[in-house]
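Peer 1: just need the structure, nothing else, for what follows:
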Amino acid sequence: MTRVRSRGSDARPQKPSSAPSPVSLDDCLRACSVHSGKLVGSLDPRRQAVAEALRQLLATWAVQDQSAPAPTATSLLRRTRAAATGSGGTLGNDVLDALLNVGNKAVVCPYDDELNLTLTITDTILHLRRGSRAGWRLRGRILEALGLPEEAAEAYERYLELTKEDGFGVRARVDGIHAATRARTELLTLLERTVPEATRFAAGPATDAWADGLAAHAAGDQPGAEARLAGALLAMDREGAREDEVQEALAHYLDLATARQSRPTPELTRALALYADARRNRMRGPVPDPLFGGVQWLSLGEFRNRIAGKSICLVANSGTVGESGLGHDIDAYDLVVRFNSYRIDPAHTGSRTDIHVTIHKHHYNWDKPVDTRLVFSGSSPDWKYSVRNKLIPGAQTCVNDESLRWPVRTIGGWTTEQFAAIPTSGFNMLWLLDFLDVSPTLDLIGFDFYESGAYRLPEAMKLAITNVHEYGSEKTWVMERAQSVSGMRISLR
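Peer 2: Okay, here's the model as predicted:
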């Protein structure tokens, strides 16, 4: 049964698995080049993003190809052997990053052509770089998008074996897949037990049984419809249908069953609960409620009261901090604030973290115990989703409520005319502390606005210093308010 429903010429008739197929770099780049032509004139912003990523990839490859040394007899022999074995090119770091960028843009497109392209990209990356963590994570994402959660879990497990820091919450994703699979299996077992006639219709094609079941329902033959529809669901499971197709059919079946019964039976109630468990765990994983363990929500006023009268130090994730030797001085402040994927080296960064400020997108350091965790986001739905699904019970005493979600915009009311770029987590926090103005000491350590590069957790070091922020504007704002500058320390009070 074909896993990718074809709407284009690149459909793959084989069932993808967690193990990559041997696709050469040359073949992959050729597919990318062909696909780039298909996207000309597309009005879908997601496809436009893929087109731009493809343009950058092909430009990167062109530069690498032109800078390659002139071929020798030995290199030509090696190239011939590579072609014979299917390796077909060397995957340098720049091209690897560009391929991953294309894949990460394409995997969120709801079109089969982009999904097929992402599958080809992961085949190539993992054929040439078996230890690529980003490649295995992308492999898991594409397999999920193709409706193959169990295969996706295998790819994610490989990613987790290769990484020390699960900055993307992949473990929760894997747990969610397994929990959802168990719930779906129990639900189908319940149907097989409570609808005995279903097994008679489960032996044939699922599409035939489903069509016959809908016809019986329309004719008023409810027992016959229930048996055929339940049989079709069992057949879909036997045939290995895509997960999204199974979920859609289960929803339809339960809708019909609910409409038919004025008072749901215990069996139907259980089936509905299992379906809900499967969908919920598929979306976010079995994460405990973050309010357990005495977590307190902080409003703007409550946060003000917690920091009033205390000396505060904000520690940047900059390269200079990693060799500053200021660890003892940093730990001497009443409150130490760190950001996102901060890295601890006691001699240089200090050892204590009282307030962890993090953007909602990542999962770095959310498991590190702190008194207060502030989660920032420019999107209310994204903020709510992240707080609900990423907070780890017991890892914090207090968490900000939505009044502190995006201080520069929601409290300060700064429009894009006043500040065009997306404010960084550091600037949001610094602006908030300056606005509240209740701290006798407000110092910044290592804030050179990434002029010295980044100093983060090893897992986060490959993250780009993105150009969506205006570091120059933020630096100007800081220096206009600085009371003194001494080495790596900028004092605003």
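
Peer 1: nearest residue to Phe449 in space, please, no chain neighbours.
Peer 2: Tyr471 (4.0 Å; CB to CB, 6 or more residues apart in numbering). (Glycine included, C-beta is placed from N, CA and C.)

Peer 1: how much space separates the one you found from Ile490?
Peer 2: From Tyr471 across to Ile490, the span is 14 Å (CB to CB, to the nearest Å).

Peer 1: comparing the two, which residue is more hemmed in?
Peer 2: Between Tyr471 and Ile490, counted using other CB atoms under 10 Å, the more crowded position is Ile490 (24 against 18).

Peer 1: rewinding a little: let me see the contact set for the residue nearest to Phe449.
Peer 2: Contacts for Tyr471 (CB atoms under 8 Å, 6 or more residues apart in numbering) come out as Thr424, Phe449, Tyr450.

Peer 1: wait, isn't the second one in contact with Ser473?
Peer 2: It stands for Phe449. No - using CB atoms under 8 Å, Phe449 is not in contact with Ser473; the gap is 9.8 Å.

Peer 1: who has more neighbours out of those two?
Peer 2: Neighbour count, other CB under 10 Å: between Phe449 and Ser473, Phe449 has more, with 19 against 15.

Peer 1: host element of the more buried one?
Peer 2: Secondary structure assignment for Phe449, by DSSP states H and E: no helix or strand.

Peer 1: quick one: residues contacting it.
Peer 2: So Phe449 contacts Ser318, Tyr471, Gly472, Glu474, Lys475 (CB under 8 Å, 6+ apart).

Peer 1: same check, this time on Leu404
Peer 2: Contacts for Leu404 (CB under 8 Å, 6+ apart) come out as Leu298, Ser299, Leu300, Phe303, Leu374, Ile411, Leu432.

Peer 1: please report how far the third one lies from Glu459.
Peer 2: With distances defined as CB to CB, the gap from Leu300 to Glu459 amounts to 32 Å.

Peer 1: the fifth one too?
Peer 2: Using CB to CB, one obtains 21 Å as the distance from Leu374 to Glu459.

Peer 1: looking at these two, which has the bigger crowd around it?
Peer 2: More crowded of Leu374 and Glu459, by other CB under 10 Å: Leu374, with 24 against 18.

Peer 1: what lines up beside the stretch of helix or strand the more buried one belongs to in the sheet?
Peer 2: For Leu374, the host element (DSSP H and E) is strand 370-376. Note on strand 370-376: by DSSP bridges, its sheet partners are strand 355-359 (parallel), strand 396-400 (parallel).

Peer 1: how distant is the first one from the center of its chain?
Peer 2: Looking back up the chat, that one is strand 355-359. 18 Å (CA atoms, centre = their mean, to the nearest Å).

Peer 1: go on, stretch 159-169?
Peer 2: 12 Å.

Peer 1: which residue ranges of the stretch 301-450 of the chain form helices?
Peer 2: 327-331, 346-349, 380-390, 407-410, 425-436 (DSSP state H, counting those that start in this stretch).

Peer 1: so for Leu126, which of those sits nearest?
Peer 2: Nearest of the helices of the stretch 301-450 of the chain to Leu126, taken as CB to CB: helix 380-390 at 27.4 Å.

Peer 1: can you count the residues close to the nearest residue to Leu188 once chain neighbours are set aside?
Peer 2: Spatial nearest neighbour of Leu188, excluding adjacent residues (CB to CB, 6+ apart): Asp237 at 5.5 Å. For Asp237, the neighbour count with other CB under 10 Å is 18.

Peer 1: next one: Asp237 from Ala206, what distance?
Peer 2: 9 Å.

Peer 1: excluding chain neighbours, what is closest to Gly167?
Peer 2: Gly167's closest residue in space is Tyr364 (CB to CB, 6+ apart), at 4.6 Å.

Peer 1: residues contacting that neighbour?
Peer 2: When contacts are counted by CB under 8 Å, 6+ apart, Tyr364 touches Glu165, Gly167, Asn340, Ser341, Tyr342, Thr358, Arg456, Leu457, Glu459, Ala460.

Peer 1: any idea how many residues pack against the first one?
Peer 2: Using other CB under 10 Å as the criterion, Glu165 is surrounded by 15 other residues.

Peer 1: what kind of secondary structure is the closest residue in space to it that isn't next to it in sequence in?
Peer 2: Closest residue to Glu165 apart from its sequence neighbours, by CB to CB, 6+ apart: Glu459 at 3.6 Å. Put simply, Glu459 is helix when judged by DSSP: H, G, I helix; E, B strand; the rest coil.

Peer 1: make sure Glu459 is actually in contact with Leu162.
Peer 2: No - if you go by CB under 8 Å, Glu459 and Leu162 don't touch, sitting 10.4 Å apart.
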